[in-house]
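Q: turn this into a model:
(one chain, ligands or ions: 2)
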Amino acid sequence: AADSAAIASGISEMALMEAAGSAVANAVGARWGKRPVLVLAGPGNNGGDGFVAARHLRDAGWNVRIALLGSLEQLSGVAARQAALWNDEVLALSVYLLDGTALVVDALFGAGLTRPISGVAAQLLEAVASRGIPVCAIDVPSGLDGASGQPQGVVARADITVTFFRKKPGHVLMPGRLLCGEVILADIGIPDRVLSQIDPAVFENSPVLWMNAYPWPHIDGHKYQRGHVLVVGGATMTGAARLSALASARIGAGLVTVAAPDSSWAIYAAALTSIMVQRVNDVSMLDHLLSDDRKNAVVVGPGAGVSHSTREYVLAVLARKRAVVLDADAISAFAADPQSLFNAIAGPCVLTPHEGEFGRLFNVNGDKLERALMAARRSGAVLVLKGADTIVAAPDGRAVINTNAPPDLATGGTGDVLAGFIAGLVAQGMPAFDAAAAAVWLHGEAAALFGPGLISEDLPQILPRVLRRLKRATRHDIS
Ligand SMILES: NC(=O)C1=CN([C@@H]2O[C@H](COP(=O)(O)OP(=O)(O)OC[C@H]3O[C@@H](n4cnc5c(N)ncnc54)[C@H](OP(=O)(O)O)[C@@H]3O)[C@@H](O)[C@H]2O)[C@H](O)CC1
Ligand SMILES: [K+]
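A: Ligands and ions are numbered 1, 2, ... in the order given. Now for the predicted structure:
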């Protein structure tokens, strides 16, 4: 879409392809020393980029062969014109060409892939993978769906993928992110104004998306302006709510209260210091707590139990029109009747399911991005679909894909911390979608900064260091 908009705005297709292929040759030259290269060219413009890259590498003194799927006569448009500039032998695709090849430039298919790769092209990609030949992919590793990150049949994993203008969802969604290797973004002269013309709604998560909405404390602020998070605590799994509460406090909520039943009140009270503990044995006591409208954000779910009372608590909070983060058991508790939850959602609400919990509420098909967006639209909530490539989706069609989470995050309690981070930001006035995106990013950064050996308690602990860095990086100095 970006290239057609750019072309419509007067940039020639030939120039775009020239810039694209030359960026590929530059990336190859920067990564590898001179060696025999085989360029695999497909029948569309991805193949055209391959012809340009081949010419630039040859001109730089590399030993380059190019093999084409189909015949030169079948090429059309700019790809045909670029192929004509190659002015040298064009081979037919064959596995034998891999003998004596020390690097493959994969220009078979890019954005125009419409079906799984078959025949000799598939055999070649399989052989490239099994022989462990290094690969530079153009735009996407051929066979990877750039919109979803899902392979359509065979894909040869690339060491580097050179793409143009903006990353596509497939570069950041799993398993695409792993199949792409290092993604190199090349500027091929598509002006930024094109982005506003195509108005994309899906972005890789990054502070630039939500920094302007980040609620740094004001110099003249007091604790009530920084919100009051209420975490509904469970009776037996008390650690989960404590983690959420601690996370809300660390991310800057002015006050945090845990609502606890009599049976475990003493445990909460003994374990928490700056966080308050109040008694709640049933839904009417919870409702009474919520009559204080300074308690402006609520977390339900961590350690709550999949029960009737969890359902009642959620509905009571939603009826009070409080911003709410529903996690874990608060999601699973509605498995039998998801619509009763969706009907009750009217104000800011964030659902934070992992795939298992997601499947209990939503019966939607499609890739991860589509499913998250559909679920957000259906429920009216901001959806945080967790995983190595967590997606934050809004009912209005916006989505971010998060890429900074290290595998160390896959440990008990980290989800409770995330729910607390989100609620803490919402309590300080950040819109739910921005708060969820910011919380997911900060959660990933905190884990990455801590590194191996991470347990969930470490996340709130190390968050101040992440916040300090973020603040330093985004501070607006007076000059
Ligand atoms: N984004 C930019 O700014 C620029 C991108 N460029 C490059 O262009 C490609 C996209 O080019 P396009 O021609 O649209 O598509 P492809 O080259 O990926 O492939 C289309 C052709 O492939 C056939 N096809 C599709 N799937 C298969 C398959 N599994 N097996 C065999 N053939 C397949 C398709 O045929 P159909 O029968 O489906 O019609 C087409 O013939 C982009 O990725 C960039 O690399 C430009 O350089 C400009 C700037
Ligand atoms: K490709």
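Q: and stretch 340-348, how far apart are its ends?
A: Using CA to CA, to the nearest Å, the end-to-end distance of stretch 340-348 comes out at 17 Å.
Q: distance of the closest residue to ligand 1 within the stretch 201-350 of the chain from Gln74?
A: Distances between the stretch 201-350 of the chain and ligand 1 by CB to the nearest ligand atom are smallest at Val202, namely 15.6 Å. C-beta here means a position set from N, CA and C on the backbone, and glycine is covered the same way. Distance from Val202 to Gln74, counting by CB to CB, to the nearest Å: 33 Å.
Q: what of Val229?
A: From Val229 across to Gln74, the span is 62 Å (CB to CB).
Q: quick check on these two: which one has the bigger neighbour count.
A: Neighbour totals were compared for Val229 and Gln74, and Val229 leads with 33 against 11 (other CB atoms under 10 Å).
Q: pull out the buried positions in stretch 389-404.
A: For stretch 389-404, the neighbour count (16 or more other CB atoms under 10 Å) marks 389-395, 398-404 as buried.
Q: out of the residues you listed, which sit inside helices?
A: Nothing among those maps onto helices, per DSSP state H.
Q: can you read off the pLDDT for the spatially closest residue to Arg371 that is not a sequence neighbour?
A: Sequence neighbours aside, Val364 is the residue nearest to Arg371 in space, at 4.9 Å (criterion: CB to CB, 6 or more residues apart in numbering). In this prediction, Val364 carries a pLDDT score of 94.
Q: Arg378 is in contact with Val364, correct?
A: Yes. With contacts counted by CB atoms under 8 Å, Val364 reaches Arg378, the gap being 7.5 Å.
Q: what packs against the strand or helix carrying Arg177?
A: Arg177 is part of helix 176-180 when elements are defined by DSSP states H and E. Using 3 or more CB pairs under 8 Å, 6 or more residues apart in numbering; DSSP states H and E as the contact test, the elements touching helix 176-180 are helix 169-172.
Q: please work out the average pLDDT along the helix it packs on.
A: Averaged across helix 169-172, the pLDDT comes to 93.
Q: in PDB, list the C-alpha atoms belonging to it.
A: This file holds the C-alpha atoms of helix 169-172, laid out as PDB (Å, rounded to 0.1, in the frame of the first residue of the first chain):
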ATOM      1  CA  PRO A 169       3.400  -7.100  11.300                       C
ATOM      2  CA  GLY A 170       5.000 -10.300  10.000                       C
ATOM      3  CA  HIS A 171       8.400  -9.000  11.000                       C
ATOM      4  CA  VAL A 172       7.400  -8.700  14.600                       C
END
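Q: residues of stretch 370-382 that come out buried?
A: Neighbour-count burial for stretch 370-382 [16+ other CB under 10 Å]: 370-382.
Q: pick out the most distant pair among those.
A: Maximum pairwise distance among the buried residues of stretch 370-382 (CB to CB): 17.6 Å, between Glu370 and Gly380.
Q: neighbours of Leu246, just the number please.
A: Using other CB under 10 Å, Leu246 is surrounded by 27 other residues.
Q: distance check, the residue of the stretch 201-350 of the chain closest to ligand 1 against Val172.
A: Taken as CB to CB, the span from Val202 to Val172 is 9 Å.
Q: comparing the two, which residue is more hemmed in?
A: The residue with more neighbours, out of Val202 and Val172, is Val172; 23 against 20, by other CB under 10 Å.
Q: next one, pLDDT for whichever residue of the stretch 301-450 of the chain sits closest to ligand 1 please.
A: Residue of the stretch 301-450 of the chain nearest ligand 1, by CB to the nearest ligand atom: Asp367 (17.6 Å). Here the pLDDT value assigned to Asp367 is 92.
Q: got the phi/psi numbers for the residue nearest to it when sequence neighbours are not counted?
A: Spatial nearest neighbour of Asp367, excluding adjacent residues (CB to CB, 6+ apart): Ser148 at 3.5 Å. Main-chain torsions, Ser148, degrees, to the nearest 10: phi -120, psi -20.
Q: same thing with His228?
A: His228 adopts backbone torsions of phi -140, psi 110, taken as degrees, to the nearest 10.
Q: next one: Val306
A: phi -80, psi 90.
Q: which ones are touching it?
A: 329, 332-333, 335 (CB atoms under 8 Å, 6 or more residues apart in numbering).
Q: among those residues, who's most crowded?
A: Counting neighbours by other CB under 10 Å, the top entry in these is Ala333, with 25 neighbours.
Q: these two touch, right, that residue and Ser307?
A: Yes. Using CB under 8 Å, Ala333 is in contact with Ser307, at 6.5 Å.
Q: Leu230 looks like it's in a strand, true?
A: Yes. Assessed by DSSP: H, G, I helix; E, B strand; the rest coil, Leu230 belongs to a strand.
Q: now do the contacts for it.
A: Here Leu230 is in contact with 256-259, 289-290, 295, 297-299, 322 (criterion: CB under 8 Å, 6+ apart).
Q: again, only this time at 10 Å
A: Contact analysis of Leu230 by CB atoms under 10 Å, 6 or more residues apart in numbering lists 245, 248, 255-259, 276, 278, 280, 286, 289-290, 292, 295-300, 317, 322, 324, 423, 427.
Q: among the residues you listed, which ones are buried?
A: With burial judged by 16+ other CB under 10 Å, the buried subset of those is 245, 248, 255-259, 276, 278, 280, 286, 289-290, 295-300, 317, 322, 324, 423, 427.
Q: among those residues, which are located in helices?
A: 245, 248, 286, 289-290, 317, 423, 427.
Q: list just the nearest of those residues to Ile188.
A: Nearest member of these to Ile188, counting by CB to CB, is Ala423, at 42.5 Å.
Q: just the pLDDT for the closest one.
A: With respect to pLDDT, Ala423 scores 98.
Q: wait, it touches Thr257, no?
A: No. Using CB atoms under 10 Å, Ala423 is not in contact with Thr257, being 11.6 Å away.
Q: overlap of the contact sets of those two?
A: 229-231, 245, 248, 298.
Q: residues in contact with the residue of the stretch 201-350 of the chain closest to ligand 1?
A: Neighbours of Val202 in contact, by CB under 10 Å, 6+ apart: 147, 166-169, 172-173, 369, 373, 391, 393, 397-401.
Q: ramachandran angles for whichever residue of the stretch 201-350 of the chain sits closest to ligand 2?
A: Nearest residue of the stretch 201-350 of the chain to ligand 2: Glu204, at 20.0 Å (CB to the ion). For Glu204, the backbone dihedrals (degrees, to the nearest 10) come out as phi -70, psi 140.
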